[in-house]
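> How does the following fold in three dimensions:
(2 chains)
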Amino acid sequence: MMLSEISESTEISQRSGPGIFGCPVDLAVLAGYESVQLEGEPDLVIELIDLYLDEVPRRVQAMRDAVKFRNPAALASAAHSLRGSSGSLGAQQVAQICAEIEGLESVDLWSSIPPLLSWLELECQRALHIFLEERRSRLR
Amino acid sequence: MKILIAEDDPVSSRILRTTLEKWGHKVVSTDNGVDALAELQKEDAPRLAILDWMMPGIEGTEVCRRIRQQSKTAQTYVILLTALSQKTQMVAGLEAGADDYVTKPFDRQELRVRLQAGERIVQLQSSLVQRVKELEVAIGERQEAEKALRNLTLTDDLTGLYNRRGFFTMVEHTLATSRRSGESSLLFYADMDGLKLINDTFGHSEGSAAIKTTAEILGRTFRNSDIVSRIGGDEFAILAQNASAKESAIILDRLKENLRTANAEGAQPYQLSLSVGTVLVEPRDRLSLDDLICKADEAMYAAKRSKKPWTNSTDSRRAPNGTAHRASTRP
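The predicted structure follows:
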């Protein structure tokens, strides 16, 4: 994942609400899934983290490709999907940036998107770090 | 119950699937609208579907529309699952045919109660469909029973005389007895003259009244022990038991007189008239009842064709009460 254009992302974070230094993942959301853990089945939380670890790079890459090929529908679709999975796992800041990308008007889309994408990558990295930690602790 | 999930996001799909299974549901999972539609077409398809709004290929709202258009899937209860939360979008989803919606990330308690509401609807629909099926079967059985009863009944609804089945049943038995006791019988075959004209001129209810009056005249003419029947639309067959050829003329005169009296009373705006063929059934005759009726029928037609007033012998006929009079009955 690229970490370019961090300076712009700082600016955007001030504009759009969530600070980049806030907690990237609400672990209580993850813990909530323990209540639906099926007996005899693999750990659901670990399974969800693994799915998310696969999902994030795929969706971010799809957004990068959409920007490269100037495809707003593909950009919105990838942002929408990542927003859904991030929201479901408590990665609220990632979800919020995705919502912002999804809601961009076409008139300023291509000028606004590069700093937003960079900020998204940074937040994704922070979130994935937390998820990996959580995964390790659950495997201990 | 069996629930279909159509959700392209693997994280959301896994959460939803596990949650539903935890609640005891059986889950069928797809990640696109095309497969969702195919699943709903299958035998024993899920009756409740949770569809993601935005999916590759066909979106959830379009899946809804197609579900509602197809009779096999139209009763499926659909919950739209979406990260969209604006009111106008929710309205669009419901207009597309969704029964309910849940926003992502979903609140488990909310999803649970919405599913319970959906289950209640599905169960009510199932009970209703089952009840309709039971009623259809019951109606079918009732119709079969009524048909069987009609086939079994021996009397004619309109006149109260024996019907064809009743006549054959009674006469077969009576002729066998007469043969054993060496008694002859008379078989009369009578056909109303001009019933079509009565129907065309005065309507079918008046035609039915004419048939009833004719039946009453025949009932008065013959003895209680004789078997009087209406075996077709305007055709009557009568078996006079223990009767000789000589008595044929007496009976026909009595019939003629009864018709004359009925016509003279003028209760109906037309003249009742019959063409009659008669067959003497001797004890030694071995003709079947069908053959005997056939002979009487031929005699009746001979009488009808002869255009003569009543004749004696084996067949007799009385012409309608004059062409001029018939013509005057026309509206």
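> which residue does chain A bring closest to chain B?
As assessed by C-beta to the nearest C-beta, chain B sits closest to A:Ser85 within chain A, at 3.7 Å. C-beta here means a position set from N, CA and C on the backbone, and glycine is covered the same way.
> Contact partners for that residue?
Contacts for A:Ser85 (C-beta atoms under 8 Å, 6 or more residues apart in numbering or on different chains) come out as A:Leu51, A:Tyr52, A:Glu55, B:Asp9, B:Pro10, B:Val11, B:Ser12.
> Over to the third one. Which of the three states is it?
The one in question is A:Glu55. helix (DSSP: H, G, I helix; E, B strand; the rest coil).
> roughly how far apart are the nearest residue to it once chain neighbours are set aside and A:Arg58?
Beyond its immediate neighbours in the sequence, the residue positioned closest to A:Glu55 (C-beta to C-beta, 6 or more residues apart in numbering or on different chains) is A:Ser85, lying 5.4 Å away. Distance of A:Ser85 to A:Arg58, given as C-beta to C-beta, to the nearest Å: 11 Å.
> Spatially nearest residue to B:Gly233 (excluding sequence neighbours)?
B:Leu195 (7.4 Å).
> isn't the one you found right up against B:Ala210?
Yes: between B:Leu195 and B:Ala210 there is a contact at 6.4 Å, judged by C-beta atoms under 8 Å.
> Low-confidence bits of chain B, can you list those?
For chain B, the stretches with pLDDT under 70 are B:84-86, B:149-151, B:307-331.
> Likewise for chain A?
Residues of chain A that meet the criterion pLDDT under 70 lie in A:1-22, A:107.
> Which helix runs longest in it?
Looking across chain A with DSSP state H, the single longest helix is helix A:109-139.
> chain center to that helix: distance?
Counting by C-alpha atoms, centre = their mean, to the nearest Å, helix A:109-139 is centred 5 Å from the centre of its parent chain.
> got a list of what whatever residue of chain B ends up closest to chain A touches?
Using C-beta to the nearest C-beta, the single residue of chain B nearest to chain A is B:Val11, 3.7 Å away. Each residue near B:Val11 by C-beta under 8 Å, 6+ apart is listed here: A:Leu48, A:Leu51, A:Tyr52, A:Glu55, A:Gly84, A:Ser85, A:Ser88, A:Leu89.
> Check whether the second one really touches B:Arg17, as I assumed.
No: using C-beta under 8 Å, A:Leu51 is not in contact with B:Arg17, being 11.6 Å away.
> Not including adjacent chain positions, what is the nearest residue to the residue nearest the centre of chain A?
By C-alpha atoms, centre = their mean, the mean C-alpha position of chain A lies nearest to A:Val94, the distance being 3.5 Å. Spatial nearest neighbour of A:Val94, chain neighbours left out: A:Ser86 (4.1 Å); criterion: C-beta to C-beta, 6+ apart.
> correct me, but that neighbour touches A:Glu102?
No: the criterion here is C-beta under 8 Å, and A:Ser86 misses it with A:Glu102 at 11.9 Å.
> Looking at the two, which has the bigger crowd around it?
Between A:Ser86 and A:Glu102, A:Ser86 has the larger neighbour count (other C-beta atoms under 10 Å in any protein chain shown), namely 31 against 19.
> what does chain A put close to chain B?
A:29, A:32-33, A:35-38, A:41, A:44, A:47-48, A:51-52, A:54-55, A:77, A:80-81, A:83-85, A:87-89 (C-beta under 8 Å from any C-beta of the partner chain).
> Tell me where chain A has helices.
Using DSSP H, helices in chain A cover A:6-16, A:27-32, A:44-68, A:72-89, A:92-102, A:109-139.
> Looking at those helices, which is nearest to B:Thr73?
Of all the helices of chain A, helix A:72-89 sits nearest to B:Thr73, with 25.5 Å by C-beta to C-beta.
> in the closest one, what counts as buried?
A:75-89 (16 or more other C-beta atoms under 10 Å in any protein chain shown).
> How about the contacts made by the nearest residue to A:Leu109 once chain neighbours are set aside?
Among residues not flanking A:Leu109 along the chain, A:Pro72 sits closest, at 6.0 Å (C-beta to C-beta, 6+ apart). A:Pro72 sits next to A:Ala66, A:Ser106, A:Leu109 when contact means C-beta under 8 Å, 6+ apart.
> Tell me the most packed of the residues you listed, by neighbour count.
Of these, with other C-beta under 10 Å as the count, A:Ala66 tops at 21 neighbours.
> wait, doesn't that residue sit right on A:Leu75?
Yes: between A:Ala66 and A:Leu75 there is a contact under C-beta under 8 Å: 3.7 Å.
> what distance separates stretch B:236-245 from the middle of the whole chain?
37 Å.
> actually stretch B:260-280, sorry about that
On C-alpha atoms, centre = their mean, the centre of stretch B:260-280 falls 35 Å from that of its chain.
> How about stretch A:59-66?
12 Å.
> can you list the residues that contact that stretch?
For stretch A:59-66, the external contacting residues (C-beta under 8 Å, 6+ apart) are A:1, A:71-72, A:74-75, A:77-79, A:81-82, A:101, A:117, A:120-121, A:124.
> Return the closest of the residues you listed with respect to B:Phe202.
A:Ser77 (78.1 Å).
> dump the residue contacts of the residue nearest to the centre of chain A.
Counted by C-beta under 8 Å, 6+ apart, A:Val94 has contacts A:Pro24, A:Val56, A:Leu82, A:Arg83, A:Ser86, A:Leu120, A:Glu123, A:Cys124, A:Ala127.
> give me phi/psi at the residue lying closest to B:Met170 once chain neighbours are set aside?
Spatial nearest neighbour of B:Met170, excluding adjacent residues (C-beta to C-beta, 6+ apart): B:Ile227 at 4.9 Å. As for B:Ile227, its main-chain torsions (degrees, to the nearest 10) stand at phi -100, psi 110.
> Please name the residues that touch B:Ile227.
Taking C-beta under 8 Å, 6+ apart, one finds B:Tyr162, B:Phe167, B:Met170, B:Val171, B:Thr174, B:Ile238, B:Leu239, B:Gln241 in contact with B:Ile227.
> So which of those are in strands?
B:Ile238, B:Leu239 (DSSP state E).
> Output the contacts of B:Ile227 in TSV; the columns should cover neighbour count.
Shown next, in TSV, are the contacts of B:Ile227 (neighbours: other C-beta atoms under 10 Å in any protein chain shown):
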residue	neighbour count
B:Tyr162	24
B:Phe167	24
B:Met170	15
B:Val171	24
B:Thr174	18
B:Ile238	27
B:Leu239	26
B:Gln241	20
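> I'd like to know which residues of chain B are adjacent to chain A.
Near chain A, when you scan chain B using C-beta under 8 Å from any C-beta, you find B:8-12, B:14-15, B:18-19, B:21-22, B:54, B:56, B:83, B:104-105, B:108.
> Surely A:Ala127 touches A:Gln92?
No: between A:Ala127 and A:Gln92 there is no contact under C-beta under 8 Å: 9.2 Å.
> quick one, strands of the stretch 201-331 of chain B?
B:227-230, B:235-240, B:274-281, B:315-317 (DSSP state E, counting those that start in this stretch).
> Just the CA coordinates for the first one, please, in PDB.
When you say that, I think you mean strand B:227-230. C-alpha atoms of strand B:227-230 as PDB (Å, rounded to 0.1, in the frame of the first residue of the first chain):
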ATOM      1  CA  ILE B 227     -93.400 -46.400 -15.400                       C
ATOM      2  CA  VAL B 228     -93.400 -42.900 -16.700                       C
ATOM      3  CA  SER B 229     -90.100 -41.200 -17.600                       C
ATOM      4  CA  ARG B 230     -88.500 -38.300 -19.300                       C
END
